[in-house]
Structure formats: C-alpha cells, structure tokens
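Visitor: Here you go, sequence then predicted model.
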Amino acid sequence: MRMEEGSPEKAEMEKKEEALKSRVAVRCAKAAFLLSSLKPLPNSTADHHHHQEKKMLEMKMELARERLKNKRIKQCALIELVLELALVLSLSTFFFMLFLNLIEL
C-alpha cells in the first residue's frame, strides 16, 4: 500500500536513491576526468590513448545503463501509485454501495 511519511520503507528507498545518485555522480566525475585527460600530451603513446578512450566509452555505456535503470524505477513507482489509487477507488465504491444497500433495507 501507500508509504506514510517517515516510514522505514520510505527512508530506505530514499537512502537507496541517494546512494544511486552518489554513484552516478562519481561516475560522471570519472568520465569528466577521463575526457580532460584525453587532450594530447607531448609524450603520450597511442596505446595509452586507445586504452583511455575504451575506458571512457565503457563508463559512458555504464552511465547510460544507470539512467535507464533509474527511468524504469520511476516508471514502476508511477504504475504502483496508479494501481494503489485504483484499489482505493474500488474499495470506496464497494463500501459506498454496501452502505446504500443497508440504508434501503
């Protein structure tokens, strides 16, 4: 059902979101560092340059996966909210009809 403010579940979800945000921030910082280090240096070798490009590409792909994962989490949360609202509306309609039937008797 719906989580109340201050509930342990909500606090746990917020902690997980904060941890996820910090991991993404660290990855962004690493990617930025790698991008800045790709500037040609006078004595850098082609292998080192290729290795850095490969590593940067892997980090970009991982960042894209994390963003997709976050998007899916948000979509699931929205679907859960819609289902909870439908359940509340269904139950309230049921009890309202039950109450009307009791009055008619």
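Guide: Happy to help now that I have it. Residues are numbered from 1 along each chain as shown.

Visitor: buried sites along the helix or strand containing residue 31?
Guide: Residue 31 is part of helix 8-37 when elements are defined by DSSP states H and E. Within helix 8-37, the residues scored as buried using 16 or more other Cβ atoms under 10 Å are 24, 31, 34. Yep, even glycine has a C-beta here, placed from its N, CA and C like the rest.

Visitor: Could you check how far that helix is from the centre of its chain?
Guide: 11 Å (Cα atoms, centre = their mean, to the nearest Å).

Visitor: Stretch 69-77 too?
Guide: With Cα atoms, centre = their mean as the basis, the mean position of stretch 69-77 lies at 5 Å from the chain mean.

Visitor: ok, back up a step: what would the buried residues of helix 8-37 look like in CSV with distance to residue 56 and pLDDT?
Guide: Shown next, in CSV, are the buried residues of helix 8-37 (distance: Cβ to Cβ, whole Å; pLDDT from 0 to 100):
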residue, distance to residue 56, pLDDT
24, 16, 86
31, 6, 81
34, 4, 80
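
Visitor: Now the spatially most central residue of the chain. Nearest residue, chain neighbours left out?
Guide: Central residue of the chain (Cα atoms, centre = their mean): residue 70, 2.4 Å from the mean position. Spatial nearest neighbour of residue 70, excluding adjacent residues (Cβ to Cβ, 6 or more residues apart in numbering): residue 20 at 6.9 Å.

Visitor: That neighbour and residue 66 touch, don't they?
Guide: Yes. Counting by Cβ atoms under 8 Å, residue 20 does reach residue 66; the two are 7.4 Å apart.

Visitor: continuing past the helix holding residue 31, what's the next helix or strand?
Guide: Trace forward from helix 8-37 with DSSP H and E and the next one is helix 46-104.

Visitor: Cheers, nothing more for now.
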